[in-house]
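Colleague: Structure of the sequence below:
(one chain, ligands or ions: 1)
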Amino acid sequence: MESLKLTRLLSCNLSTNIVSLSRTGCSYWPSRQLGFGYLLRRSFQNGNLTVVRSKKTGNAGGFGGLTDGSNSNAVQDEEEEEEEQHGVMLCIDRDVSGSVIGLQLIPQSGDHEVIDSEEDVATDTKEKDQDIEEEKLETRVTYNIVFVTAEAAPYSKTGGLGDVCGSLPIALAGRGHRVMVVSPRYLNGTPADKNFAAAIDLDRRIKLHCFGGEQEIAFFHEYREGVDWVFVEHPSYHRPGNPYGDSHGAFGDSQFRFTLLCHAACEAPLVLPLGGYTYGEKCLFLVNDWHAGLVTVLLASKYHPFGVYKDARSILVIHNLAHQGVEPAASYKNLGLPSDWYGALEWVFPTWARTHALDTGEAVNILKGAIVTADRILTVSKGYAWEITTVEGGYGLNELLSSRRSVLNGIANGIDVAEWDPSSDEHIAFHYSADDLSGKVQCKTALQQELGLPIRPECPLIGFIGRLDYQKGIDLIRWATPELMEDDVQFVMLGSGEPLYEDWMRSAETTYRDKFRGWVGFNVPISHRITAGCDILLMPSRFEPCGLNQLYAMRYATVPVVHATGGLRDTVENFNPYAEGGSGEGTGWTFSPLTRDSILKALRTAIMTYRDHKSTWEGLMKRCMERDFTWESAAIQYEQVFEWACIDPPYIM
Ligand SMILES: Nc1ncnc2c1ncn2[C@@H]1O[C@H](COP(=O)(O)OP(=O)(O)O[C@H]2O[C@H](CO)[C@@H](O)[C@H](O)[C@H]2O)[C@@H](O)[C@H]1O
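Modeller: Alright, predicted model coming up:
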C-alpha cells in the first residue's frame with residue numbers, strides 16, 4: 001500500500017475531526033484535501049462512523065465542499081483499498097420539517113489517527129515531498145462562513161476593518177471554505193459608487209422587524225475571487241460621507257443602519273440561493289466589531305429558541321474595543337429583540353461618567369451583548385487579546401472579557417500581499433524586491449518630487465499614515481514635531497479625522513516648508529507611495545489591536561518605529577545590533593513608555609542607524625521584507641478556532 005500522510009490530517013491536537021455526511025449517509029473529501037490521489041469516504045451505521053480510505057486512480061474531482069456527495073464519477077473510477085475505523089455521532093442536522101439533512105461525526109477517541117505501517121511509507125521521496133506540500137496547503141474541514149461587517153475593501157474602506165474583511169474571506173475561500181461577506185451597499189454619489197457596479201440585484205426583498213415596524217431591504221450580490229459578496233440595500237445607506245459619518249460628524253442613525261445589517265445578515269444564509277443553493281443553517285458567523293454585534297444576540301434570542309441555527313456558531317472578532325455601539329437604554333425596543341433579553345445588552349455607566357445628577361447611566365451596549373452571547377471571541381493579535389482583559393485596555397469590558405477568557409484568542413492579521421507588493425505595485429513609479437532594492441530610493445525621490453519636498457535621497461524620510469485620532473497618538477506626534485524638525489529629516493503624514501489635527505497638519509506645512517508635508521484626506525494610491533518612499537514609518541499608537549501599516553511598511557522595506565503595544569509589539573521585532581555576531585537581528589524599533597521623549601529617542605536611534613550604518617540598515621530592510629505576513633498563516637489559525645467553536649455546543653441555546 002502506498003503512503004498516506006493522514007497522521008497530521010486526522011490527529012490534530014483537538015483529537016477531533018468533524019465530518020459532515022450528506023443525506024445519503026456518505027460523502028467524499030476530494031483528494032486535494034487528503035493528500036495525493038486519495039479519497040476518504042465516511043459512512044454512518046448504528047451510531048458508528050466508518051472511514052473508508054480509497055486510492056483513486058481517476059481525476060481528482062472538484063473541490064466543491066466537504067459534503068458534496070456528487071462525485072459519483074470519481075467514485076466509479078476508484079480502485080478501493082478499504083480499511084475501517086469507527087467513531088461516534090456528534091449530532092444530527094435536520095431541516096425545518098425535521099428531516100435529517102446531515103450528520104456531524106467525531107472519530108472514536110484514540111481511533112482518529114491513521115498511521116501507516118513502516119512498510120507502507122512511500123519510498124519515492126519526490127512523491128513524499130509532494131504529499132507533504134499538499135498536506136500543508138489543505139484544509140481538513142470546510143465550513144460555510146458568513147462574515148458580517150460594516151466595511152469590506154474594495155467596496156468600502158475607512159481603515160483596517162475594511163482591509164481585513166476584504167482579504168481574509170478570499171484567503172479562506174482559497175482554502176476550500178464557502179464564504180459569504182454581508183455588508184451594506186453604500187452609495188455616496190462619488191466615483192466610489194462604481195465599486196458596487198458588478199453587484200447585481202438578487203431580486204429578493206425581505207421585511208425586517210425592528211425600529212417599530214417593517215423595514216424592507218434587498219440584497220445585491222457579486223461572486224468574486226471565490227467569495228459571495230452580499231450587499232444589503234436600503235435607502236439609509238445612500239448618502240454623502242463614509243459609512244459612519246460625514247463632514248458634520250458621526251451619523252445619528254448608526255444604530256438603525258447596523259441593526260438592519262445584522263437582521264439582514266441573519267436571514268441571508270437562509271433565503272439567498274447563491275450559486276443555486278443557500279448556505280443553510282449550519283454556518284459560522286464571523287461577527288466583526290460592534291456594527292455586526294447584534295448577530296450573535298439575534299442567533300441566541302430570536303433563532304435558537306425556535307430551533308433555527310442551532311448548529312451554527314458565532315465568533316466575535318474584535319478589531320477595536322474602543323467602539324462599542326452604546327446608545328440610550330430606551331433604544332432597546334428598536335432592536336427587534338425579545339423584551340426579556342434586555343440584560344444581555346444592559347450597560348450602566350460608572351457614576352463619574354454620567355452627565356448629571358439624575359442620569360442613571362443606563363444604556364444598551366451592542367458589543368457587550370455580542371461578548372455575552374458569542375460562542376467564541378477573537379481579537380486581531382495575541383497581545384491585544386490579553387490587553388482587553390486589563391483595566392487599562394478593557395474599556396469597561398475587561399471583567400466581562402476576563403470571564404470569557406477560555407474562549408478568547410488572538411490571531412494577528414495578515415495582509416493582501418498581491419495588493420501590497422513592491423515588485424508590482426501599480427501605485428508606485430519604481431519597483432523593487434529584497435534582491436534588488438535599488439528601486440526604493442527612486443520611489444523616495446519620486447515621492448519627494450510629488451510632495452514638493454527638496455529631492456534629497458540621503459535625507460531620512462519619516463512617514464505616518466492613519467486615522468487622526470486619540471488611538472493613533474497624533475497628539476504626541478504634534479508635540480514631538482518641533483524638536484524633530486530641528487534634525488536634518490523630512491516628515492510626511494497622510495490622514496484624516498479630528499479637525500484639530502487636520503488643521504495642525506496644514507499649518508505645520510507652512511512652518512516647516514522644506515521638511516514637513518501633511519496630506520489631509522483618505523487616499524489609497526498616496527498611502528502606497530508613502531509606504532514605498534519613506535525610510536521609516538512612525539506608529540506611536542496608544543493601543544493597536546493589530547495595525548496593518550507596520551506590516552505594509554515592512555513588506556516595502558520601510559523600517560517601523562512603533563509603540564510597544566498590542567499587535568505592534570507582536571509583529572515588530574525590536575532591533576538588536578549585537579545579535580548574530582554583530583550583523584543584527586530584528587525588524588524595527590519598539591519603544592515604551594509612550595512619551596514624547598521616547599518617540600524622539602527611538603526615531604533618533606533609527607535615523608542614526610540609517611545615516612551611519614548603511615549595511616546594518618540594509619540588513620534591517622531585508623529582514624523586514626522576508627517576514628511572512630500572508631493571510632495563509634492567519635487563515636490556518638482561524639480554522640483552528642473554527643474547530644474549537646464547533647466542538648463546543650452553542651454557548652447559549
Ligand atoms: N488617510 C488615509 N489614506 C489612505 N489609507 C489610509 C488612510 N488612513 C488609514 N488608511 C489605511 O487604513 C488602514 C488602517 O489600518 P490599521 O490597521 O492601521 O488601523 P485601524 O485603526 O483603522 O484598524 C483597526 O482594525 C484593524 C484591522 O483588524 C487593526 O489592525 C487595527 O489595529 C485596528 O485599530 C490601512 O490600510 C491604511 O493604509
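
Colleague: Excluding residues flanking it in the chain, which one is nearest E585?
Modeller: Once flanking residues are discounted, E585 sits nearest to A579: 3.5 Å by CB to CB, 6 or more residues apart in numbering. The way it works is simple: take the backbone N, C-alpha and C, and place the C-beta from them, glycine included.

Colleague: Now do whichever strand or helix holds I371: everything it contacts.
Modeller: Here I371, judged by DSSP states H and E, is contained in helix 366-373. Helix 366-373 has contacts (CB atoms under 8 Å, 6 or more residues apart in numbering) with 255, 258, 287, 289-290, 292-297, 299-301, 314, 316, 318, 321, 323-326, 344-347, 377, 397, 400-401, 404, 651-652.

Colleague: And the ligand, is that helix touching that?
Modeller: No: shown here: helix 366-373 not in contact with the ligand (CB under 6 Å from any ligand atom), separated by at least 14.0 Å.

Colleague: Helix or strand next in line after that helix, which one?
Modeller: Heading C-terminal from helix 366-373 (DSSP H and E), you reach strand 376-379.

Colleague: got the contact list for that next one?
Modeller: Outside strand 376-379, the residues that reach it (CB under 8 Å, 6+ apart) are 313-319, 371, 385, 388, 401, 404, 407-411, 545, 638, 641, 644-645.

Colleague: Stretch 222-237 now?
Modeller: Taking CB under 8 Å, 6+ apart as the rule, stretch 222-237 contacts 152, 155, 169-170, 173-174, 178-187, 196, 198-201, 215-221, 253, 256-257, 260-261, 264-265, 268, 272, 274-275.

Colleague: What of stretch 611-629?
Modeller: Defining contact as CB under 8 Å, 6+ apart, one finds that stretch 611-629 is touched by 414-415, 417, 422, 433-434, 437, 440, 460, 551, 553-560, 571, 575, 577, 583-588, 609-610.

Colleague: Out of the residues you listed, name the ones that lie in strands.
Modeller: The strands, defined by DSSP state E, take in 559-560 from the contacts of stretch 611-629.

Colleague: same for the ligand: which of the contacts of stretch 611-629 are within range?
Modeller: Okay, of these, nothing touches the ligand (CB under 6 Å from any ligand atom).

Colleague: I'd like to know which of the contacts of stretch 611-629 are buried.
Modeller: With neighbours counted using 16 or more other CB atoms under 10 Å, the contacts of stretch 611-629 contain these buried positions: 414-415, 417, 422, 440, 460, 551, 553-560, 571, 575, 577, 584, 586-588, 609-610.

Colleague: Where helices are concerned, which of those count?
Modeller: Judged by DSSP state H, the buried ones among the contacts of stretch 611-629 include 440, 551, 553-555, 571, 609-610 as members of helices.

Colleague: These into CSV, with extra columns for distance to R239?
Modeller: As requested, these are exported to CSV (distance: CB to CB, whole Å):
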residue, distance to R239
K440, 41
L551, 33
A553, 34
M554, 37
R555, 35
T571, 36
T609, 48
Y610, 46
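
Colleague: Tell me the one of these nearest the ligand?
Modeller: Set against the ligand, the nearest of those by CB to the nearest ligand atom is L551 (8.5 Å).

Colleague: Touching, the closest one and D416? I think so.
Modeller: No: between L551 and D416 there is no contact under CB atoms under 8 Å: 10.2 Å.

Colleague: Go ahead and flag the most central residue of the protein.
Modeller: The centre of the chain sits closest to V164, judged by CA atoms, centre = their mean, with a distance of 4.0 Å.

Colleague: Okay, that one and G307: tell me how far apart.
Modeller: Using CB to CB, to the nearest Å, V164 is found at 33 Å from G307.

Colleague: Quick one: the ones in helices among the buried ones among the contacts of stretch 611-629 as JSON lines, columns for distance to F516 and pLDDT too.
Modeller: As requested, those are exported to JSON lines (distance: CB to CB, whole Å; pLDDT from 0 to 100):
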{"residue": "K440", "distance to F516": "22", "pLDDT": "98"}
{"residue": "L551", "distance to F516": "25", "pLDDT": "98"}
{"residue": "A553", "distance to F516": "19", "pLDDT": "98"}
{"residue": "M554", "distance to F516": "24", "pLDDT": "98"}
{"residue": "R555", "distance to F516": "26", "pLDDT": "98"}
{"residue": "T571", "distance to F516": "28", "pLDDT": "98"}
{"residue": "T609", "distance to F516": "22", "pLDDT": "97"}
{"residue": "Y610", "distance to F516": "18", "pLDDT": "98"}
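
Colleague: With respect to G280, which of those residues is nearest?
Modeller: L551 (35.4 Å; CB to CB).

Colleague: who touches that closest one in this structure?
Modeller: By CB under 8 Å, 6+ apart, the residues touching L551 are 413-415, 571, 629.

Colleague: Nearest to the ligand among these?
Modeller: Nearest to the ligand out of the contacts of L551 is N413 (CB to the nearest ligand atom; 5.2 Å).

Colleague: re the thing from before, among the contacts of stretch 222-237, name the buried ones.
Modeller: Buried members of these, scored by 16+ other CB under 10 Å, are 152, 155, 169-170, 173-174, 178-187, 196, 199, 215, 217-221, 256-257, 260-261, 264-265, 268, 272, 274.

Colleague: Tell me which of the residues you listed fall in strands.
Modeller: Members of the buried ones among the contacts of stretch 222-237 lying in strands (criterion: DSSP E): 178-184, 215, 217-221.

Colleague: farthest-separated two in those residues?
Modeller: The span of those, defined through CB to CB, is set by R178 and Q215 at 27.8 Å.

Colleague: what residues go with each domain of the chain?
Modeller: Listed by the TED database, the domain ranges of the chain are 144-414+637-647, 437-629.

Colleague: Can you pull out the low-pLDDT segments for the stretch 51-200 of the chain?
Modeller: For the stretch 51-200 of the chain, the stretches with pLDDT under 70 are 51-140.

Colleague: Contact residues of it facing the ligand?
Modeller: Residues of the stretch 51-200 of the chain lying near the ligand (CB under 6 Å from any ligand atom): 159-161, 163-164.

Colleague: Close to the ligand: what parts of the stretch 351-500 of the chain are there?
Modeller: Residues of the stretch 351-500 of the chain lying near the ligand (CB under 6 Å from any ligand atom): 380, 413, 465-467, 494-496.

Colleague: Narrow these to those in strands?
Modeller: Those of those mapping onto strands are 465, 494-495, per DSSP E.

Colleague: Make JSON lines out of those residues and add pLDDT.
Modeller: Output for those, formatted as JSON lines (pLDDT from 0 to 100):
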{"residue": "I465", "pLDDT": "98"}
{"residue": "L494", "pLDDT": "98"}
{"residue": "G495", "pLDDT": "97"}
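
Colleague: What is the neighbour count of the residue in the stretch 551-653 of the chain positioned nearest to the ligand?
Modeller: Residue nearest to the ligand within the stretch 551-653 of the chain: G567 (5.7 Å; CB to the nearest ligand atom). Neighbourhood size, G567 [other CB atoms under 10 Å]: 29.

Colleague: Which residues are in contact with D375?
Modeller: 296, 313-315, 407, 645, 648, 650-651.

Colleague: Just the buried subset of those, please.
Modeller: The neighbour-count test (16+ other CB under 10 Å) marks 296, 313-315, 407, 645, 650-651 as buried among the contacts of D375.

Colleague: pLDDT-wise, what's the bottom of those?
Modeller: Minimum pLDDT across the buried ones among the contacts of D375 is recorded for Y651, with 87.

Colleague: Setting aside sequence neighbours, what's the nearest residue to M180?
Modeller: Residue nearest to M180 in three dimensions, not counting chain neighbours: D228, with 4.2 Å by CB to CB, 6+ apart.
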